[in-house]
Structures are given as C-alpha cells and as structure tokens.
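Colleague: this one's sequence-less:
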Ligand code: MOS
C-alpha cells in the first residue's frame with residue numbers, strides 16, 4: 001500500500017492555515033443577525049421577571065427572546081434526548097423559568113451586529129426567586145458516607161463490572177497492602193474554536209445550520225426533536241471543527257438559541273458563546289476515588305478494590321465507568337468496585353478526552369506506584385509481575401496486546417534502568433529530579449458507518465460520510481485509505497464529511513471513527529472493484545475473463561490481477577465497456593460483536609520532572625509515550641494525537657482546575673488566564689513511539705483507533721515522578737507547588 005502507514009501530511013492542512021477552512025461562526029449570510037446570550041447569575045431558583053425594555057430601545061436591536069416569547073418547543077423530555085443523553089431530564093434552553101445552574105442562558109438579544117447585541121445584553125434586567133444550592137463536592141469528601149447515602153448509578157452500560165473472588169478477605173490477608181484516596185477537580189473544555197452556530201433561514205423556511213459539533217446527524221435529529229421540525233427541514237454542517245474532544249458530542253445550547261431566533265425572525269442568525277460562557281457547559285466531572293490494593297510479597301496482586309464518587313448535575317446522571325479499568329489491566333483474582341454520583345447544582349458533566357480512563361487509570365497507576373514503594377520493587381517490575389495477556393473482566397484474550405513491548409521500548413528510550421529508586425536522590429543543580437512511569441489503556445471501539453464513493457472514468461473519486469474531523473486527521477486518513485483501495489493518487493481523492501445529508505455516521509468520539517470509516521471505505525471500494533471487474537470481463541478477449549473479484553486489486557488506475565499483474569484493464573476502458581462514465585456506491589459497514597476477543601489499546605508512559613527545591617516550581621522536562629494501537633494509519637497525524645494527549649496530561653497533572661465559589665455556586669476562573677492550561681514554555685521533550693502490534697482479527701486493516709490513549713497514564717506518571725523527586729505524595733490534582741512544599 002502506498003499511503004496507509006505513512007506520514008502523509010494533512011490533506012486539509014493548506015485550507016486550515018490559509019483561512020480557506022470555514023468554522024461555524026464564519027459562513028456569510030445575507031441579512032445576518034447576531035445573537036448575544038444573557039446568562040443567569042444564580043445557581044438555583046426561578047426567573048421572577050425579565051425586563052428587556054432598555055435592551056429593546058438600543059438602536060439596531062431586533063428582538064430579545066426569553067422563555068416567555070420564544071417560538072414553540074417540544075414539551076417533555078424525549079424531544080431533547082440527543083444520541084449521547086444520559087438518564088434524566090435534558091436541559092432545555094429558554095424552555096421555562098427554572099434555573100438549574102449559574103451561567104444558564106435566560107435570554108438572547110438579537111441585533112444587526114454583534115457589538116450592539118452584546119451591549120444590549122448588558123442592559124437586560126433579571127429578577128430571581130433564589131433557592132439554596134449545593135455545588136460543593138468537598139462536603140461529600142467522606143467517601144464512606146457518600147457510598148452509603150447516594151444512589152447507585154443503576155444498570156447503564158457504565159455501571160461497574162461484576163466483582164470477582166472475595167476482595168475483602170484477600171485484602172485482609174494480603175502480605176502488603178496500599179490504600180489511598182485520589183481526587184481530580186472539575187476540568188473544563190477549552191477548544192480553540194468557541195462554540196458557535198450560524199443558522200441560515202432559507203426562503204422556503206428550512207434551516208441550514210453551521211454548528212461546532214462532533215456529530216452533525218446527532219445535532220440534526222436533536223433540533224428536529226426539540227423544535228418539532230420535520231426531518232427534511234433541517235440540515236447541519238460542520239466541515240471543520242476547531243477542537244472538541246468530548247465537548248461537542250452533545251448539542252450545545254447556542255444551536256437551539258440560534259435556531260429559535262431564526263424561526264422567530266424568519267432571518268439568518270448567528271450565536272457564538274464567549275470563552276466565559278463556555279464554562280456554563282459540560283466539564284470533566286470532579287471525582288474522589290479510593291483504591292485498595294493487596295499483594296503477595298513477590299509483587300503479584302491478590303486484591304483490588306476501587307470506589308469512585310463522580311459529580312453530575314441535579315437533572316441528568318452522567319457518568320462513565322472509572323472503576324473497571326482497575327479490574328481489567330492487571331492479573332488479579334479478587335476485585336470489587338463501587339460507583340456513586342454526587343448531584344450538584346451545576347450543568348451536567350460530560351465526556352472529556354478518554355473519559356473515565358484519564359481519571360480512573362490516574363488513581364490506579366498512582367496506587368500501583370505506592371504499592372511498588374511498599375514492596376521495595378521497581379514500579380516497572382511490579383507492572384511486569386502483574387502483566388495479563390487476558391482481559392481479566394471478560395476472561396478472554398485480546399485480539400492483540402503488545403503492552404510488553406511498550407514497556408520495553410519506552411523504558412529503553414527513557415533510560416529507565418539508570419533510575420535510583422530512592423526519592424530525592426537525583427539532582428540537577430538546584431532542581432530535584434524525579435522519574436515516574438504509568439500504564440495507559442483505552443478501548444478499540446468500532447461503530448457502524450456508511451461510506452459513499454463516486455468513481456469517475458478519469459480516475460477521480462469523491463468519498464463521503466457524515467462523520468466529523470475534530471482535528472484528528474479524519475479527512476487525511478479517509479483520503480489515504482481511499483487512494484490505496486482505489487489505486488489512485490491521493491490528489492485524485494476528494495473527501496466530503498461534516499454534513500448531515502451525507503451517509504450515516506455516529507458522533508466522532510471514543511477514538512472509534514478512524515477504524516470504522518477506514519473499514520467502511522474498504523467495503524465500499526470492494527463493491528466498486530467487483531463492479532469494475534464485471535465490466536472489464538465484458539470486453540472481447542478480456543485478460544480478466546476468468547478472474548474472481550478477490551483475485552484483483554485496483555492499482556495505477558487499472559484493475560490488475562493479483563497473480564499476474566500483466567493481466568490488467570484500465571478503469572477508463574472498463575467503464576467505456578459498460579457505456580458509463582462513473583460508478584456510485586454506498587455501503588454500510590457493521591462490526592459484528594467479537595465474543596472471542598477483547599479490543600484495547602495500551603501505552604507505557606515515562607516522565608521526568610525537575611522541581612526547584614527553593615521555589616517549588618515543577619517542570620515536566622521529558623515524556624516518552626510508547627503506544628500499542630494496531631497498525632498505524634498515518635504516523636504523522638497519529639503522533640500528533642499522542643503529543644496532544646501528553647500535553648493535556650501535563651495540564652491535568654499540574655495546571656487544570658475549575659474553581660467554584662460555593663457562596664454563589666459560580667465558576668470563578670472562567671477564562672484561560674485563570675484556568676491554567678499548558679503553554680509552549682511548559683512543554684519540553686516529548687517522544688512518541690508506536691510499537692508493532694499486528695492484529696489479524698479486529699478488522700480487515702488491523703487498525704485500532706487512537707487519540708484518547710495519548711492522555712491516559714500521563715498524569716499518574718508525572719505524579720509518580722513528583723514523588724520520586726521530592727518524597728512527597730500528592731494525591732489531589734492538580735499538583736501545584738503549594739501542595740508539594
Ligand atoms: Mo472524545 S471524549 O470525543 O475525545
């Protein structure tokens with residue numbers, strides 16, 4: 001294959017760096033009106049009165065929408081259940097007077113230009129009937145009492161796995177035991193592209209919606225349900241998405257407000273959120289996890305107990321399975337898990353890059369490091385002693401698992417064998433040096449996807465699917481796989497995605513799209529290849545007359561026999577034979593449930609920190625992330641995904657934390673000056689290694705999704721390195737200097 005497996009540059013790169021790629025707040029529309037959102041200043045209660053008279057008096061203001069004058073919306077909950085909605089009652093923007101969280105939209109001011117809308121929004125007066133709110137998870141700091149008091153998460157697919165053996169007895173009898181509580185704060189998404197929707201009001205009353213989303217068809221169905229519109233009257237587009245990574249899985253409220261305003265005014269409307277308003281959307285749930293590990297003196301695990309309490313809203317029960325990773329990763333006969341929810345007067349929590357693994361594996365891998373110290377073992381040696389070739393929960397082998405090679409290659413590249421195990425034993429001038437490591441694990445999921453290919457006689461192909469490219473490189477891998485399967489130069493492939501009218505695709509998330517859409521391209525191009533062979537066979541004295549579909553490939557614009565490449569017919573000749581100049585096919589690819597194997601990706605992360613002994617400043621000076629994720633489709637875009645994951649992991653370990661003022665129930669650092677994310681100066685050497693991991697059964701190309709695996713394990717490796725450098729164990733993220741000294 002010419003393109004699969006290479007470092008192909010992004011096919012959309014030129015459009016992105018020249019500004020030709022248009023994002024959701026950019027499309028031009030005639031007579032476009034601009035909306036500015038007014039948000040609530042209380043966390044719980046009711047709107048008593050909204051006075052919009054001052055706003056309406058401003059020159060250029062067109063209208064102010066509130067729950068009292070908005071167009072019709074669906075009653076009840078069901079119309080608002082998007083594809084990713086958890087149990088509970090979804091938030092309905094501008095539906096009624098109920099206030100569920102601080103920062104909730106209560107009005108939309110629409111004006112001829114953005115500045116006028118924003119100014120007029122500042123003049124809207126809202127009076128409230130305030131009710132007492134709860135936003136403080138720390139009041140639930142005592143895990144024991146929360147586990148007793150809170151509701152079980154129920155029977156969702158994210159409920160903890162079934163326990164195995166008798167963990168309680170095994171823990172009591174263990175030769176060496178480590179117990180610890182680990183906490184992660186609320187973290188907010190800060191993609192570069194702000195949330196925005198441009199709704200074009202078409203002359204026939206239909207809506208064409210440019211939205212920032214990870215799933216155009218999810219938003220399309222949601223808008224039709226929430227606003228009771230006919231399916232054919234809404235089209236949603238998101239050809240480019242400036243980062244999302246979980247925040248765009250569910251529709252955000254600005255798309256509802258923009259659509260409501262367009263319907264009310266019969267005019268095109270754009271609504272964009274400010275950075276501050278984005279802190280009124282979903283977030284990675286704060287959580288407290290308690291891990292209890294019991295081991296034999298030889299460093300093999302006897303028991304794991306993993307309990308988690310995670311934050312959600314009062315109206316939806318969002319959660320993921322934090323605890324199950326502990327029972328999956330290492331060989332251990334006795335496990336037990338508990339998961340409870342802490343409902344607060346905040347928006348619903350949501351997915352954020354490797355949801356549940358970034359956090360659950362953080363706690364597990366810090367606890368494993370502490371266990372290694374208690375056992376007097378090297379942390380990597382402990383992992384190898386507990387290595388499992390089988391999925392411990394489903395009790396079956398993996399289709400492939402080359403974590404061993406990740407440990408080996410990662411340790412070698414890092415120089416792990418030169419580590420002095422003694423904390424505070426390594427120095428560089430005035431800085432203490434610490435080396436830590438951790439394991440990462442994520443799922444290799446696949447979802448049903450449809451792909452349409454239009455191949456023309458001149459050797460060009462258009463390949464389309466309603467999936468999104470959230471910056472991960474989907475355009476590029478779709479072009480690579482299509483070029484190889486159709487035997488054409490990559491320049492002859494044009495990829496269309498991010499349009500709800502294209503062949504069906506679920507949201508782009510869970511690291512499942514690359515594997516799914518790539519194999520869907522294999523399916524559709526296979527049908528086209530058979531069709532071309534049938535045409536080629538019709539020629540008099542056809543060199544392919546006795547060749548079966550599986551015995552030909554498409555290469556260099558020709559249908560070529562696998563056994564005898566001299567037997568070939570050009571695509572143009574085959575089409576001419578059939579009297580056609582194009583072939584169009586659309587196929588849906590399903591991935592049958594594989595009961596024999598589990599599918600996961602793995603990684604080994606090694607981190608070096610340097611901690612200034614006097615100032616306490618922590619720098620992550622080196623990270624090596626060795627990843628096993630099947631065959632890598634594109635070494636360049638895949639590397640970028642892992643690099644991004646490492647950077648985010650550094651943010652999780654040292655920087656990111658949403659701070660609430662519980663008196664007001666309000667986010668106090670709702671901006672990227674005070675909500676810290678890593679900047680260039682925080683990032684030093686990062687090395688990404690992909691190990692070989694042939695997988696003959698997962699799918700025809702042997703590929704697994706990757707992206708999310710890049711963040712998993714990073715925070716733990718850094719936390720473990722900080723302990724090694726300083727002798728101080730910080731179990732509450734982020735590890736800021738005040739916690740270290
Ligand atoms: Mo995924 S949580 O959409 O990165």
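Modeller: Thanks, I have it. These figures come from a predicted structure and were not determined experimentally.

Colleague: separation between residue 14 and residue 462?
Modeller: 19 Å (CB to CB, to the nearest Å). Yep, even glycine has a C-beta here, placed from its N, CA and C like the rest.

Colleague: look at the two and report which has more neighbours.
Modeller: residue 462 (16 against 11; other CB atoms under 10 Å).

Colleague: my guess is that one meets residue 451, correct?
Modeller: No - at 10.9 Å, residue 462 does not count as touching residue 451 under the criterion of CB atoms under 8 Å.

Colleague: before we move on, what SS does residue 653 have?
Modeller: Classification of residue 653 using DSSP: H, G, I helix; E, B strand; the rest coil returns helix.

Colleague: near the ligand, which residues of the stretch 251-400 of the chain are found?
Modeller: 351, 352, 353, 355 (CB under 6 Å from any ligand atom).

Colleague: I'd like to know which of those residues are buried.
Modeller: 351, 352, 353, 355 (16 or more other CB atoms under 10 Å).

Colleague: confirm the second one sits in a strand?
Modeller: Read that as residue 352. No - applying three-state DSSP, one finds residue 352 to be coil, outside a strand.

Colleague: quick one: residues contacting it.
Modeller: Shown in contact with residue 352 (CB atoms under 8 Å, 6 or more residues apart in numbering): 187, 189, 245, 246, 247, 283, 284, 358.

Colleague: quick check: phi and psi at it.
Modeller: phi -140, psi 130 (degrees, to the nearest 10).

Colleague: and residue 158, what's its pLDDT?
Modeller: Predicted confidence (pLDDT) for residue 158: 84.

Colleague: which SS state does residue 575 fall under?
Modeller: helix.

Colleague: would you mind measuring from residue 718 to residue 724?
Modeller: 10 Å.

Colleague: same check, this time on residue 575
Modeller: When residue 575 is compared with residue 724 (using CB to CB), they lie 65 Å apart.

Colleague: likewise residue 452?
Modeller: Distance from residue 452 to residue 724, by CB to CB: 53 Å.

Colleague: which SS state does whatever residue of the stretch 401-550 of the chain ends up closest to the ligand fall under?
Modeller: Evaluated by CB to the nearest ligand atom, the stretch 401-550 of the chain has residue 509 as its residue closest to the ligand, separated by 3.2 Å. Secondary structure for residue 509, judged by three-state DSSP, is coil.

Colleague: and if you look at residue 260?
Modeller: helix.

Colleague: what does residue 643 give?
Modeller: helix.

Colleague: that one: what's it in contact with?
Modeller: 686, 688, 710.

Colleague: so the first one versus residue 413, what's the distance?
Modeller: Relative to residue 413, residue 686 is positioned 12 Å away (criterion: CB to CB).

Colleague: ok, the second one next?
Modeller: As for residue 688, its distance to residue 413 is 10 Å (criterion: CB to CB).

Colleague: quick one, which of those two is more surrounded?
Modeller: Per other CB under 10 Å, whichever of residue 688 and residue 413 has more neighbours is residue 688, with 20 against 15.

Colleague: just checking, that one is part of a helix?
Modeller: No - counting by three-state DSSP, residue 688 falls outside a helix, being strand.

Colleague: is it in a bridge, and if so with what?
Modeller: residue 625 (DSSP bridges).
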